[in-house]
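Peer 1: give me the fold of what follows.
(2 chains)
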Amino acid sequence: MSTHEELLARIPAYALGALDGDELRELEAHLEQGCEECDRELLASTRQVESMAESVEPAAPSEMMRARLERELDKRESAGRSRAEPAARSTWRWQAAAAVLLTLAAWSLWDRSQLQQQVAQLDDERATAVASLAEVQEQLDRTQVVLARLARAGRIVSAPGARNIVLAGLESAAAAQGQTFVDPATRSAVFYASNLEPLDEDETYQLWFIADGTPVSAGIFEVENDGTATLLVDNTAALDDIQLWAVTIEPAGGVPQPTGQMVLKG
Amino acid sequence: MNISELEDIQLMGRIASGDREAFAVLFERHAPLMLGVLTRMLRRRDEAEEVLQEAFLQAWDRADTYSPQRATPRGWLLLISRSRAIDRIRSRQSRSRREDAVLKEDAWKSEVEPIGTESLEESERAASLHGALTVLPVDQRRCIELAFFEGLSHSQIADTLDQPLGTVKSRILLGMRKLRDQLAPAF
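Peer 2: Numbers count the residues shown, from 1 in each chain, chains lettered A, B, ... in the order given. Take a look at the predicted model:
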């Protein structure tokens, strides 16, 4: 059991993420109980971490990521897990219409079963409308993502100073070809490949660049039915530091360092 | 007042009540900084975006537990997202150890630096970026960078630098206190 002074001294490391095991659990339990002095120390330490974070170059989240986040939030709302969220905007008109119908029905002494039938029908229509809306929204999200990717690829290829690196197919994929266009100014790249064989479900292609002798993952990609593939890459190393681009076959989901067969290199 | 003009703490209050618009403002305000840090830690943009999404969803789900006494909203978001990134890094490290033998195979032999050296080189490169850290003695700075950028724990830093655990702990504590003195006027 640690003393309060020992726990207090652990807080800067906690804010940095350097604690683990029992030390971490003991401090979290202490913070959970409430301790003003430790709260003050944590506030000062997290501010230091913020200040350190400011020294890192920011990166804009992709449209794909934004769309995924929106969908996850939609799911949470439709599952009714949002805390005090008012009724979803897309359904309020239906609910208002149902309320008006209810009032009218009571006022004109409509038959109760008839009213229930109409409300049920209204509910069905609402459910159908919400489902259609979600489907349209998803299609729109996908289209926007594709358009944004095409526009970005176009900007990279036509950027002043953009460089083209040709990747040749190795023995196991002799017919495959690849090209990487790199925009040195934004350190972004677009990779295009053709004549790649489809892979089993538990495998994926993974693009790498080797900078300063170290392979860095540039992302995983899927192959279209016609054997082509495209991948946008952010945050490449400086162009002059990149010695090689390569594609390997890896377990689905990709790996932090290359382990599988290399099929393209250049 | 336009919602985009609200302070972070006011946004947190609205988010705790389920306000998606306030959440969107907070996201636009802080996601780029967080993604920069996560990309730097994980070195994979796709994985960094996954962690960013998880962190913001956690923030949405648990906004009512946010305490302004312990962190600013941005500090809280960084704490959440870095903690998730660190979990991934540590699980990656244990997987990497298992795959160690495979990593040294054929095609990469001539092109890959020995495993383990990249962390230090990365930190050294990072050091030039971080003006605030340059006020620290090299030993303290290296320990803090390994924790902040590489997601290493006290004991992993001790192994990496081949230093006693107690030495690493005190270097981090002293370094963070010194940094706080330097940053104090800004607070």
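Peer 1: is whatever helix or strand residue A:167 lives in in proximity to chain B?
Peer 2: Secondary structure from DSSP states H and E places residue A:167 in strand A:163-169. No - figure legend: strand A:163-169 not in contact with chain B (CB under 8 Å from any CB of the partner chain); closest approach 13.8 Å. No exception for glycine: its C-beta is placed from N, CA and C like everyone else's.
Peer 1: can the next helix or strand after that strand be said to contact chain B?
Peer 2: Using DSSP H and E, the helix or strand that follows strand A:163-169 in sequence is strand A:177-183. No - judged by CB under 8 Å from any CB, strand A:177-183 stays clear of chain B, getting no closer than 15.0 Å.
Peer 1: strand A:177-183: how far from the chain's middle?
Peer 2: Mean-position distance between strand A:177-183 and its chain equals 24 Å (CA atoms, centre = their mean, to the nearest Å).
Peer 1: give the next helix or strand downstream of that strand.
Peer 2: Next element after strand A:177-183 (DSSP H and E): strand A:188-194.
Peer 1: can you list the strands that that next one pairs with?
Peer 2: strand A:177-183 (antiparallel), strand A:229-233 (antiparallel) (DSSP bridges).
Peer 1: what sits up against that strand?
Peer 2: Contact with strand A:188-194 is made by A:152-153, A:156-157, A:167, A:176-183, A:205, A:207, A:218, A:221, A:223, A:227-236, A:245, A:247, A:264, as judged by CB atoms under 8 Å, 6 or more residues apart in numbering or on different chains.
Peer 1: go with 7 Å
Peer 2: Surrounding strand A:188-194, the residues in contact under the criterion CB atoms under 7 Å, 6 or more residues apart in numbering or on different chains are A:153, A:156-157, A:176-182, A:207, A:227-234, A:236, A:247, A:264.
Peer 1: which of the residues you listed are buried? Put it as a PyMOL command.
Peer 2: Entered in PyMOL, the line below selects the buried ones among the contacts of strand A:188-194, by 16 or more other CB atoms under 10 Å in any protein chain shown:
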select buried, chain A and resi 153+156+157+176+177+178+179+180+181+182+207+229+231+232+233+234+236+247+264
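Peer 1: rewinding a little: what is the strand holding residue A:167 packed up against?
Peer 2: strand A:177-183, strand A:242-251, strand A:262-265 (3 or more CB pairs under 7 Å, 6 or more residues apart in numbering or on different chains; DSSP states H and E).
Peer 1: quick one: low-confidence parts of chain B?
Peer 2: Chain B contains residues with pLDDT under 70 at B:1, B:97-132, B:183-187.
Peer 1: now with 80, please.
Peer 2: For chain B, the stretches with pLDDT under 80 are B:1, B:93-133, B:182-187.
Peer 1: the strand holding residue A:167 pairs with which strands, parallel or anti?
Peer 2: Within its sheet, strand A:163-169 is paired with strand A:177-183 (antiparallel), strand A:262-265 (antiparallel), according to DSSP bridges.
Peer 1: of all those, which one comes closest to residue A:126?
Peer 2: Each of these has some distance to residue A:126 by CB to CB; the shortest is strand A:177-183, at 48.0 Å.
Peer 1: and the closest one with strand A:242-251, angle?
Peer 2: Strand A:177-183 runs at 130 degrees relative to strand A:242-251, counting by axes from the mean of the first three to the mean of the last three CA atoms, to 10 degrees.
Peer 1: show me what the mean pLDDT comes to for strand A:177-183.
Peer 2: For strand A:177-183, mean pLDDT rounds to 91.
Peer 1: with just CA atoms, put that strand into CSV.
Peer 2: In CSV, the C-alpha atoms belonging to strand A:177-183 read as follows (Å, rounded to 0.1, in the frame of the first residue of the first chain):
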residue,chain,number,x,y,z
GLN,A,177,3.0,-3.7,-62.0
GLY,A,178,2.8,-0.7,-59.7
GLN,A,179,3.5,3.0,-59.6
THR,A,180,3.7,5.4,-56.7
PHE,A,181,3.3,9.1,-57.3
VAL,A,182,4.7,11.1,-54.4
ASP,A,183,4.1,14.8,-53.8
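Peer 1: quick one: the residue nearest to the spatial centre of chain B from residue A:209, how far?
Peer 2: The structure's chain B has its C-alpha centroid closest to residue B:82; by CA atoms, centre = their mean the separation is 4.1 Å. As judged by CB to CB, to the nearest Å, residue B:82 and residue A:209 stand 26 Å apart.
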